[in-house]
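In: After the sequence you'll find the predicted model.
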Amino acid sequence: MKFGLQLGYWGAQPPSDVPDLLVAAEESGFDSAFTAESWGSDTYTPLAWWGSATKTLRLGTAVSQLSARPPTTLAMAALTLDHLSGGRHIIGLGVSGPQVVEGWYGQSFGKPLARTREYVSIVRDVLAREGAVASDGPHYPLPRREGAGVTGLGKSLKPITHPLRADIPIWLGAEGPKNVAQTAEIADGWLAIFYTPRLSGMYDEWLDEGFAREGARRSREDFEISATVQCVITDDVAEAIDRYRPSTALYVGGMGAEEKNFHADLYRRMGYGEQVDDIGRLFRAGRKAEAVAAVPDEMVRETMLVGTADEVRDQVKVWEAAGVTTLMVTAKDVETVRALGSLA
């Protein structure tokens, strides 16, 4: 079991403690560190800035949103950071949701599976640098030959810069059965959010479907499963659950439309359908405090590590036995990071 540090995306202001957290993570034997993006701070700028002070940590995005960059732009950022870090980059990608894709990026959300497959294929072609990059796919045509304002002068190109690694690992964020199966087929790892070991058998079925497909890139033996998890080492479990209850309510009730919220769907699969409906109804009505109060303790606790050091050590073993290869922890202080390092 490896540990990764999830630095997340920024709130109103950038966090001030990240350099200390990274030092603690590297000294404590962590394997990796990741940044995220929503509709504020981006993934690559903080990863490069903070990552420049690291020496051994793999540096990943979890996740870079597909609609934030054309695939060739993402590939340029990836090959650049991979060079600057000496081959330590992990590309983490995800589709986000329709509210962000259409409301923030102004792009169509439709066909996320097909878009992901096409996007990943183009990124791999750029990194391979075996020839000029071209794509006849409907979502990211290269060169673009038709559409308003198109001159028809586009030319297929290959990157000027030679990638340090032609096989930078690509991990995909996925929540539902179809996109988890596709992740197992075309990617090098799965970025799992709101993972629960209780449902590892269900996840294994989804993954095995992808591994069994013709041309699958990986097998279970060399595929990484990285699960994001909040970690609080404490004697006061109730206080820790209360601290994260608002976050659960936000993702279930406010991070997606009523008609399409992948996080809500995930919690329904976990058996919290009635609670999800209540939380969403209250959140959309502006009754956020009531929405938070409607989140049951277990709904928060089973997707996090919480308790004394010994209790957390036992919980880590459960996640490892479930097949998780990296615990990507969200830790709020250096002490937690160092304590986790001692558990590895």
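Out: That came through fine. Numbering: from 1, shown residues only.
In: Could you find the closest non-adjacent residue to Met108?
Out: That one is not Met; residue 108 is Ser. Leaving aside its chain neighbours, Ser108 sits nearest to Glu102 (6.8 Å; criterion: C-beta to C-beta, 6 or more residues apart in numbering). Where you see a C-beta, it was placed from the backbone N, CA and C, and this is true even at glycine.
In: Please report the number of neighbouring residues for that neighbour.
Out: 16 (other C-beta atoms under 10 Å).
In: now what about the helix or strand where Thr73 lies, what contacts it?
Out: Element membership for Thr73 (DSSP states H and E) is helix 71-84. For helix 71-84, the external contacting residues (C-beta atoms under 8 Å, 6 or more residues apart in numbering) are 44, 47-48, 51-52, 59, 64, 69, 88-89, 91, 93, 118-120, 122-123, 126-127, 133, 140, 142, 159, 161, 163-165, 168.
In: Put the buried members of the residues you listed into a ChimeraX selection.
Out: Only the buried entries of these go into this ChimeraX selection, using 16 or more other C-beta atoms under 10 Å:
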select :44,47,48,51,59,64,69,88,89,91,93,118,119,120,122,123,126,127,133,140,142,159,163,164,168
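In: Which helix or strand contains the nearest residue in space to Trp104 that is not next to it in sequence?
Out: The shortest distance from Trp104 to any non-neighbouring residue, by C-beta to C-beta, 6+ apart, is to Trp39 (4.6 Å). Counting by DSSP H and E, no helix or strand carries Trp39.
In: Trp39 is in contact with Val100, isn't it?
Out: Yes. Counting by C-beta atoms under 8 Å, Trp39 does reach Val100; the two are 6.0 Å apart.
In: Which one of those two is surrounded by more residues?
Out: Between Trp39 and Val100, counting by other C-beta under 10 Å, Val100 is the more crowded of the two (20 against 13).
In: my read: that one touches Ser38, true?
Out: Yes. With contact defined as C-beta under 8 Å, Val100 reaches Ser38; the gap is 7.0 Å.
In: before we move on, back to that, helix, strand or coil for the residue nearest to Ser108?
Out: Judged by DSSP: H, G, I helix; E, B strand; the rest coil, the three-state class of Glu102 is helix.
In: can you tell me how far it sits from Ser96?
Out: Glu102 is 10 Å from Ser96, where distance means C-beta to C-beta, to the nearest Å.
In: For Gly341, give its distance to Gly215.
Out: When distance is defined by C-beta to C-beta, Gly341 is 39 Å away from Gly215.
In: Near Gly110, how many other residues are there?
Out: Count around Gly110 with other C-beta under 10 Å applied: 11.
In: Repeat that for Leu22.
Out: By the criterion of other C-beta under 10 Å, Leu22 has 22 neighbours.
In: secondary structure element for it?
Out: Using DSSP H and E, Leu22 falls within helix 18-27.
In: name the helices or strands packed onto that helix?
Out: Applying 3 or more C-beta pairs under 8 Å, 6 or more residues apart in numbering; DSSP states H and E, we find helix 18-27 packed against strand 2-6, helix 44-51, helix 334-343.
In: and the ones you listed, which is most packed in?
Out: Burial of the helices and strands packed on helix 18-27 is given as mean neighbour count (mean count of other C-beta atoms under 10 Å); strand 2-6 ranks first at a mean of 22.
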